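*Asks:* 3D, please:
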Amino acid sequence: MSEMLLEVDRLTMRFGGLTAIDDLSVAVPKGKITSIIGPNGAGKTTFFNCLTGFYKPTEGSVRMHHPVHGPLLLNEMPSYHVARKAGVVRTFQNIRLFPNMSVLENLIVAQHNALQTASRFSLAGLFGRAGFKQAREAALEKAEMWLTRLKLIELADTAAGNLSYGTQRRIEIARALCVDPLLLCLDEPAAGLNPRESAELNELLLYLSREHGKGVLLIEHDMNVVMRVSDHICVLNFGTKIAEGTPEQVQNDPNVIKAYLGEEDADDKEAA
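*Replies:* Residues are numbered from 1 along each chain as shown. Model (predicted):
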């Protein structure tokens, strides 16, 4: 049985009288790809916002099993600690690169916390202290490593905004990897990709989980991506979990078919 990285227990998120997430429990194993799918408005992004500290859940718990710090309740942590201490990092539906910066600079900026600490809030940097120089070299090495592994190194000096949409998606993932996440939360990474770019994304996600042991939590509408890479799938509809299992189990679940395709009403059946 896979070691659990994240455990969500009876999570509920209400906005006034609206229940966006209703009593949701799901577990994310280490080194596996778990997908959260569902129709528009199912509560998927709200779920991500609860995991990553943007929202504080109304009820329930989000527990991260950290190899150094032990169990951490993400729902009780300040949002900036969710990434820095717990190692839970996300990307967004809309690309958020710095378009006028080079690809390499985007990855260096992602490591600002380590660089800021090493610079002692600029003093060590101004005076060229050895500790800051070492931190800067380490940040550069890490950025170059991920650019190489994600086959982006030839674009290191290119302005990020001048590259194709699919390439920018890969750069966003590379930038997230520069902060050494234990759990990588990707919000619709295949949105806007062509078939070739989607296939490259599939290879990348499998590489990160299989070769680097990253836990990947994926929100995605592209079922070709979901069914090809997922180890486990959780299906939401109106904030409620309606199915869970392997890709094959989910594909054949009548509740999933009903949620995605609708259900023929009685008048239509009689007319037929």
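
*Asks:* quick one: residue 48 and residue 90 touch, right?
*Replies:* Yes: in this structure, residue 48 is within contact of residue 90 by C-beta atoms under 8 Å, at 6.2 Å. All C-beta spots, glycine's among them, are computed from the backbone N, C-alpha and C.

*Asks:* burial count for residue 56?
*Replies:* 11 (other C-beta atoms under 10 Å).

*Asks:* assign the nearest residue to residue 38 once chain neighbours are set aside to helix, strand or coil.
*Replies:* The shortest distance from residue 38 to any non-neighbouring residue, by C-beta to C-beta, 6 or more residues apart in numbering, is to residue 236 (3.8 Å). Classification of residue 236 by DSSP: H, G, I helix; E, B strand; the rest coil places it in strand.

*Asks:* can you name the residues that contact residue 236?
*Replies:* Residues near residue 236 by C-beta atoms under 8 Å, 6 or more residues apart in numbering: 24, 36, 37, 38, 42, 43, 44, 47, 242.

*Asks:* in which helix or strand does the first one reside?
*Replies:* Secondary structure from DSSP states H and E places residue 24 in strand 18-29.

*Asks:* spatially speaking, which residue is in the middle of the protein?
*Replies:* residue 185 (1.3 Å; C-alpha atoms, centre = their mean).

*Asks:* hmm, that residue is touching residue 214, no?
*Replies:* No: checked against C-beta under 8 Å, the pair residue 185 and residue 214 is beyond contact range at 10.9 Å.

*Asks:* measure how buried the closest residue to the residue nearest to the centre of the chain other than its chain neighbours is and give me the count.
*Replies:* Excluding its sequence neighbours, the residue lying closest to residue 185 (C-beta to C-beta, 6+ apart) is residue 90, at 3.9 Å. By the criterion of other C-beta under 10 Å, residue 90 has 21 neighbours.

*Asks:* doesn't residue 52 make contact with residue 90?
*Replies:* Yes: between residue 90 and residue 52 there is a contact at 5.0 Å, judged by C-beta under 8 Å.

*Asks:* overlap in contacts of these two?
*Replies:* Common neighbours of residue 90 and residue 52 (C-beta under 8 Å, 6+ apart) are residue 185.

*Asks:* following element in sequence after the strand or helix carrying residue 47, please.
*Replies:* Using DSSP H and E, residue 47 sits within helix 44-51. Per DSSP H and E, the first helix or strand lying C-terminal to helix 44-51 is strand 59-66.

*Asks:* let me know the average pLDDT across the helix or strand just after that next one.
*Replies:* Per DSSP H and E, the first helix or strand lying C-terminal to strand 59-66 is strand 70-73. Average pLDDT, strand 70-73: 96.

*Asks:* which of the residues in the next helix or strand after strand 70-73 are buried?
*Replies:* Sequence-wise, the next helix or strand downstream of strand 70-73 (DSSP H and E) is helix 79-84. For helix 79-84, burial by neighbour count (16 or more other C-beta atoms under 10 Å) applies to 82, 83.

*Asks:* any idea of the mean pLDDT in helix 79-84?
*Replies:* 90.
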